[in-house]
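1. sequence unavailable; structure follows:
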């Protein structure tokens, strides 16, 4: 992963997250890992990333503990990359990016694929930031975002 | 904004979102806009970005309709950058990144700033992906993420 500044020294959780995954290619790889891609060639095809880019991003994701290398699931000699528990915890990040894109980057008449609940097949409602008592919060309702 | 491939042509909402904001600096700028920063100099100070980097990222965010330029709130000659409604809709993305960083990138004994509900001062619970009927979903519970 190309690192320009390490934010690990700051105490902002967002900056620390971005050290690990705040890169366009890394986020596409994570998206595709959630969609079941496991092999270098599969990531290459789905992201369109050049080999060297993909190599550095996968290595970075492994270094940060987001993915891990495992022997191929079919017993072949390939290595596969899978999300760790830490990586799986990125599920709300991916869903939030999905829903934002769905809402804002499709023209009328264009149909994005719909993300559904597997069991009931209903579309997944918009992610909401809730307070401990269940109230829905906007940015103005949280303490670290003071000026709205 | 440095663009390597435009994903607008694909129909994946995540890829389209990343075209607009899938860049480390852009996400830091958005974080700081949520925290009330409005001026070029303030973003420069809080992100540590070089002038040219900040200029291209701010321009990109304006081009994508995530931020807009407005006259300075104090009547001075400065321009200010504020989140549009589209940009404000990134709130769950920022919160998801915050919570992931908080959970995974702090050592025992290190204390991240706590994100609280402004009214009750209680910490904000972890974002959950819920089905329409309120069940909490993991990645395995959604249809476009088939292989877990």
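-> Great, that's in hand. As the structure is a prediction and not an experimental result, all values here were calculated from the model. Residues are numbered from 1 along each chain as shown, chains lettered A, B, ... in the order given.

2. now do the phi/psi pair for residue A:86.
-> phi -60, psi -40 (degrees, to the nearest 10).

3. can you classify residue A:18 by secondary structure?
-> For residue A:18, the secondary-structure state derived from DSSP: H, G, I helix; E, B strand; the rest coil is helix.

4. what are the buried residues along stretch A:74-86?
-> By neighbour count with 16 or more other C-beta atoms under 10 Å in any protein chain shown, stretch A:74-86 contains the buried residues A:80-83, A:86. From N, CA and C alone the C-beta is placed, and that goes for glycine too.

5. ok, and what's touching it?
-> A:30, A:33-34, A:38-40, A:43, A:58, A:61-62, A:65-73, A:90, B:104 (C-beta atoms under 8 Å, 6 or more residues apart in numbering or on different chains).

6. center of chain A, which residue is that?
-> Here the mean C-alpha position of chain A is nearest to the C-alpha of residue A:94 (C-alpha atoms, centre = their mean), at a distance of 4.2 Å.

7. return the closest of the buried residues of stretch A:74-86 with respect to chain B.
-> residue A:86 (5.2 Å; C-beta to the nearest C-beta).

8. in stretch A:37-52, what's buried?
-> For stretch A:37-52, using 16+ other C-beta under 10 Å, the buried residues are A:37-38, A:40, A:42-44, A:46-49.

9. that older thread, list only buried entries from the contacts of stretch A:74-86.
-> A:30, A:33-34, A:38, A:40, A:43, A:58, A:61, A:66-67, A:90, B:104.

10. ok so, going back, could I get the phi/psi values of the residue nearest to the centre of chain A?
-> phi -70, psi -40.

11. now do the one 3 residues further on
-> Here the main-chain torsion angles of residue A:97 (degrees, to the nearest 10) amount to phi -70, psi -40.

12. quick one: contacts for it?
-> Counting by C-beta under 8 Å, 6+ apart, residue A:97 has contacts A:27, A:31, B:13-14, B:17-18, B:93.

13. per-residue pLDDT, it?
-> In this model, residue A:97 is scored at 96, pLDDT.

14. what about it, distance to residue B:74?
-> 35 Å (C-beta to C-beta, to the nearest Å).

15. any idea of the mean pLDDT in the helix or strand that contains residue A:45?
-> Taking DSSP states H and E as the definition, residue A:45 sits inside helix A:40-47. Averaged across helix A:40-47, pLDDT comes to 94.

16. same thing with stretch A:137-144?
-> Rounded mean pLDDT across stretch A:137-144 is 82.

17. cool, stretch A:108-127 as well?
-> Averaging pLDDT along stretch A:108-127 gives 89.

18. is any residue of that stretch near chain B?
-> Yes: against chain B, stretch A:108-127 shows contacts by C-beta under 8 Å from any C-beta of the partner chain at A:110-113, A:115-127.

19. from the residues you listed, keep the buried residues only.
-> Judged by 16+ other C-beta under 10 Å, buried ones among the residues of stretch A:108-127 next to chain B: A:112, A:115-117, A:124, A:127.

20. so which of the contacts of residue A:97 are in helices?
-> Among these, the ones falling in helices (DSSP state H) are A:27, A:31, B:13-14, B:17-18, B:93.

21. just give me the closest of those to residue A:133.
-> The nearest member of those to residue A:133, counting by C-beta to C-beta, is residue B:93 at 23.4 Å.

22. measure the closest one to residue A:96 for me?
-> Relative to residue A:96, and taking C-beta to C-beta, residue B:93 is found at 4 Å.

23. and residue A:23, by the same measure?
-> Counting by C-beta to C-beta, the gap from residue A:23 to residue A:96 is 17 Å.

24. cool, and residue A:121?
-> Distance from residue A:121 to residue A:96, by C-beta to C-beta: 22 Å.

25. please apply the same query to residue A:103.
-> 11 Å.

26. okay, strands next: where are they in chain A?
-> For chain A, strands defined by DSSP state E occupy the ranges A:67-71, A:79-83.
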